[in-house]
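> Have a look at this prediction, sequence included:
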Amino acid sequence: MEPKKNPQLDVKRNSLLYFFVGMTLVLLMAYLALEWKSYYPTSDWETGQLDPNLLLEEEPPITFQKLPDPPKPIIKTPPVIDIVEDEKDIEETVIESSEPDQDTEIVPIESIDVAEEDIPDEIPFILIENAPVFPGCENEKTEKDKRACFQEQMLHHIRKNFRYPEVAQEMGLQGRVSVIFTVQKDGSIGNVMLRGPHESLEKEAARIISKLPKLIPGKQRGTPVKVPYSIPITFKLN
């Protein structure tokens, strides 16, 4: 039985030859691509080949600097030496001993001056022996009770004379005013210092302190002295 296909027209007959030819062409093209070289365009002249003698030479400008004048020499005058004549008669000072001995005269006690006690002119409220007394607290027995009565009467005086300033109410001002005053030696009030959030509140605190009655002054070892005292006055809107 004869085959139906023509062996001369078979595509696979020369497939191995076509494969080697294709591989050869691919390798040739890969080689040419790897060996291909390209160059940047070059200029007509190169700066490295220029003649340095043809370049222009720039001369630095000539400047003049004025030097300071040399310091003047210091002329030292020789000291003047006075010749003093020798003293003929020199009296020697005799230092006598101040130590007492059996011949020392004893001074009578009546002629010895006794130094007065050094009492400060101003003593803080917490350190003074006898604190200032508020009117109405004289009958308290102990010093501690008198101090407590003084504090209570001060708070009562502030509550009694307290008046909220209208300006402060309209502006909504409130806060604490620190008040420091001094009870003088005669029992009067002086050296009032105030510090608060607004001037209107400070003025009201000063008015309250000015209405304080005359106090019994504080005493240190029986001597009247100045006594500073501090108290806060609080202004609070309801």
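Done, it's in.
> Show the average pLDDT along the longest helix along the chain.
In the chain, with assignment by DSSP state H, the single longest helix is helix 15-35. If you average the pLDDT over helix 15-35, you get 89.
> what do you get for stretch 76-83?
73.
> Quick one: distance of that stretch to the chain centre.
56 Å (CA atoms, centre = their mean, to the nearest Å).
> again, but for stretch 131-145
45 Å.
> so what's the residue nearest the centre of the chain bridging to?
Among the residues of the chain, the one closest to the centroid is residue 195, at 23.2 Å (CA atoms, centre = their mean). Counting by DSSP bridges, residue 195 is bridged to residue 178.
> So that it lines up with my notes, have the first residue be 871 from now on.
In the new numbering, first residue 871, that becomes residue 1065.
> which of the residues in the helix or strand following the longest helix of the chain are buried?
Counting by DSSP states H and E, the next helix or strand C-terminal to helix 885-905 is helix 1013-1031. Residues 1016-1017, 1019-1021, 1023, 1027-1028 are the ones in helix 1013-1031 that count as buried (16 or more other CB atoms under 10 Å). C-beta: built from backbone N, CA, C; applies to glycine.
> Farthest pair within those residues?
Pairwise distances across the buried residues of helix 1013-1031 peak at 19.0 Å for 1016 and 1028 (criterion: CB to CB).
> State the mean pLDDT of stretch 1011-1020.
Here the average pLDDT along stretch 1011-1020 is 90.
> so how far is it off the chain centroid?
Mean-position distance between stretch 1011-1020 and its chain equals 43 Å (CA atoms, centre = their mean).
> ok, now stretch 889-900?
For stretch 889-900 - counting by CA atoms, centre = their mean - the centre lies 88 Å from the chain centre.
> Please tell me how far the residue nearest to the centre of the chain sits from residue 1102.
The gap separating residue 1065 from residue 1102 is 10 Å, by CB to CB, to the nearest Å.
> Let's see the pLDDT reported for residue 1050.
92.
> and the residue nearest to the centre of the chain, what does it touch?
1047-1048, 1072 (CB atoms under 8 Å, 6 or more residues apart in numbering).
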